[in-house]
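S.K.: let's see this in three dimensions:
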Amino acid sequence: MLHDKSPLRRRTEQIVIRWLTRLAAGLVRVLPLRRVQALGDVIGALLVRLLPRRRRIALDNLRAALGGDRGDAELARIVTASARNMAKTMLELLKFPAMTDEQFARFAPVRGAEHLAEAAARGHGVIVVTPHYGNWEA
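M.R.: Numbers count the residues shown, from 1 in each chain. As a prediction, this is how the structure comes out:
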C-alpha cells in the first residue's frame, strides 16, 4: 500500500519534521564545523539503531547488490557508516549558510579555478569534474 498513514498523521509528521529541521539548523549554525560533523556521526549511528525497519531494508539492499561476498557484520558496518555519512552531510548542508567564504573555501577547496576563468574569458565552455564522495553538493 502506498500510503498506510492517515492524512492527519502524515501532516503531523511533516510539521514535526519541519520544526526539528529548523531546530537542527539553528543549532548547527552556531556550532563549529567539527562539532557539527561529530553530531552527524552520533545521529546517524542512533538512527540505524532506532529505525530497525530501515536498517533491515538497507541490509537487504546491500545483500542484493553485493551478493554473498560480504558477511552480516561487514554489511552492518557499511549500513552504519552510510547512515553516519548521510546524517553528517545533511547537517553540513544546514551549516553552509552560516559559514564565511573563508570557512567554506577550507571545507570545499577549489583547485584549477584559473582554468575556468581563462576559458570564460575566451568565450569557451568548460566541463567541471569532481569526485563523488563526501559532501559533493558543496
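
S.K.: what about the strands in this protein?
M.R.: Remark: no strands are assigned in the chain by DSSP state E.

S.K.: low-confidence ranges, this protein, go.
M.R.: By pLDDT under 70, the low-scoring segments of the chain are 1-3, 133-134, 136.

S.K.: for burial, what's the neighbour tally of residue 46?
M.R.: Other residues within reach of residue 46 by the criterion other C-beta atoms under 10 Å amount to 13. All C-beta atoms are positioned from the backbone trio N, CA, C, and that covers glycine.

S.K.: now residue 111
M.R.: 6.

S.K.: now do residue 115 against residue 128, distance only.
M.R.: As for residue 115, its distance to residue 128 is 10 Å (criterion: C-beta to C-beta, to the nearest Å).

S.K.: of the two, who's got more company?
M.R.: Taking other C-beta under 10 Å, residue 115 and residue 128 do not tie; residue 115 has more neighbours (11 against 8).

S.K.: is it true that the more buried one touches residue 126?
M.R.: Yes: using C-beta atoms under 8 Å, residue 115 is in contact with residue 126, at 7.3 Å.

S.K.: now do the helices in the protein.
M.R.: In the chain, the segments counted as helices under DSSP state H are 7-30, 33-50, 52-66, 72-95, 101-107, 113-121.

S.K.: now do the first one and helix 33-50, the angle between them.
M.R.: Computed with axes from the mean of the first three to the mean of the last three C-alpha atoms, to 10 degrees, the direction of helix 7-30 lies at 150 degrees from that of helix 33-50.

S.K.: in terms of secondary structure, what does helix 7-30 contact?
M.R.: helix 72-95 (3 or more C-beta pairs under 8 Å, 6 or more residues apart in numbering; DSSP states H and E).
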